[in-house]
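Trainee: coords below, sequence missing:
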């Protein structure tokens with residue numbers, strides 16, 4: 001009888017131990033979920049230049065990791081802008097210094113509605129009027145609420161956090177995937193400032 005009483009007395013204690021054990025497991029699961037969320041956020045924050053993948057005007061995917069070890073000049077372009085003749089200089093830069101810098105053009109309709117065309121129309125315009133052979137990427141937004149993640153990354157990482165102010169602004173990424181310079185629209189692709197930067 002005494003043994004039965006002792007066993008009955010232990011039941012609440014065992015129940016509490018099980019409850020505590022279960023509570024601990026729930027806490028661990030919550031902690032793990034929190035850790036996973038934190039890691040996901042850190043991964044997004046730590047995204048680098050070589051993590052991006054975008055399509056060309058022709059719809060072919062380009063993995064930016066292919067540009068490791070190369071300088072890259074990114075330019076937001078437009079077909080109906082006062083700076084549109086810079087296509088000619090960009091092509092010249094590509095032909096004369098293509099061994100030092102990769103040029104990526106990004107058609108964008110953010111400024112003055114000066115790039116209204118479709119991918120096919122933009123490609124035809126560039127080839128017909130300026131003989132463009134450097135890489136033209138898909139049409140994106142480079143500013144505003146729908147800013148493409150690539151341009152959000154560029155703005156966040158360039159010295160001074162410079163954002164495109166008009167068509168034909170330029171970002172220079174070095175061989176390590178770091179944004180090292182911003183050039184405004186008026187900076188000529190074959191000008192001394194840009195030539196000096198790509199030859200460093």
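Mentor: Ah, there it is. Treat the numbers as computed from the prediction; the structure is a model and nothing was measured.
Trainee: Would you quantify the distance from the residue most central in space within the chain to residue 49?
Mentor: In the chain, the C-alpha nearest the mean C-alpha coordinate belongs to residue 150, at 2.3 Å (CA atoms, centre = their mean). Note on residue 150: its distance to residue 49, by CB to CB, to the nearest Å, is 8 Å. All C-beta spots, glycine's among them, are computed from the backbone N, C-alpha and C.
Trainee: Return the residues in contact with the residue nearest to the centre of the chain.
Mentor: By CB atoms under 8 Å, 6 or more residues apart in numbering, the contact list for residue 150 reads 52, 54, 74, 140.
Trainee: Which ones among those map onto strands?
Mentor: Secondary structure from DSSP state E places 54, 74 of those in strands.
Trainee: And the contacts of residue 150, which is closest to residue 166?
Mentor: Within the contacts of residue 150, proximity to residue 166 (CB to CB) peaks at residue 74, which comes in at 14.9 Å.
Trainee: contacting residues for that closest one?
Mentor: 104, 106, 150, 154, 170, 171, 172, 173.
Trainee: okay but residue 123 is in contact with residue 136, surely?
Mentor: Yes - Residue 123 lies in contact with residue 136 (CB atoms under 8 Å); the separation is 6.5 Å.
Trainee: Looking at these two, which one has more neighbours?
Mentor: Taking neighbours as other CB atoms under 10 Å, residue 123 and residue 136 compare with residue 136 leading, 23 against 17.
Trainee: what bits of this structure have low per-residue confidence?
Mentor: Along the chain, segments meeting pLDDT under 70 span 1-46.
Trainee: ranges for the strands of it?
Mentor: Along the chain, the stretches classed as strands by DSSP E are 53-55, 61-63, 71-77, 101-107, 135-136, 170-173, 179-183.
Trainee: Tally up the residues packed near residue 183, please.
Mentor: Neighbour count for residue 183, taken as other CB under 10 Å: 20.
Trainee: Over to residue 88?
Mentor: Counted with other CB under 10 Å, the neighbours of residue 88 add up to 15.
Trainee: Could you do the one 3 residues further on as well?
Mentor: By the measure other CB under 10 Å, the count of residues near residue 91 is 19.
Trainee: what do you get for residue 196?
Mentor: For residue 196, the neighbour count with other CB under 10 Å is 9.
Trainee: how much space is there between it and residue 100?
Mentor: According to CB to CB, residue 196 and residue 100 sit 12 Å apart.
Trainee: Tell me which residues touch residue 133, please.
Mentor: Per CB under 8 Å, 6+ apart, neighbours of residue 133: 91, 94, 95.
Trainee: quick one on the thing from earlier: which one of the contacts of residue 150 is nearest to residue 115?
Mentor: The closest of these, once distances to residue 115 are taken by CB to CB, is residue 140, at 10.3 Å.
Trainee: Leaving aside the residues adjacent along the chain, what's closest to the closest one?
Mentor: Spatial nearest neighbour of residue 140, excluding adjacent residues (CB to CB, 6 or more residues apart in numbering): residue 148 at 4.1 Å.
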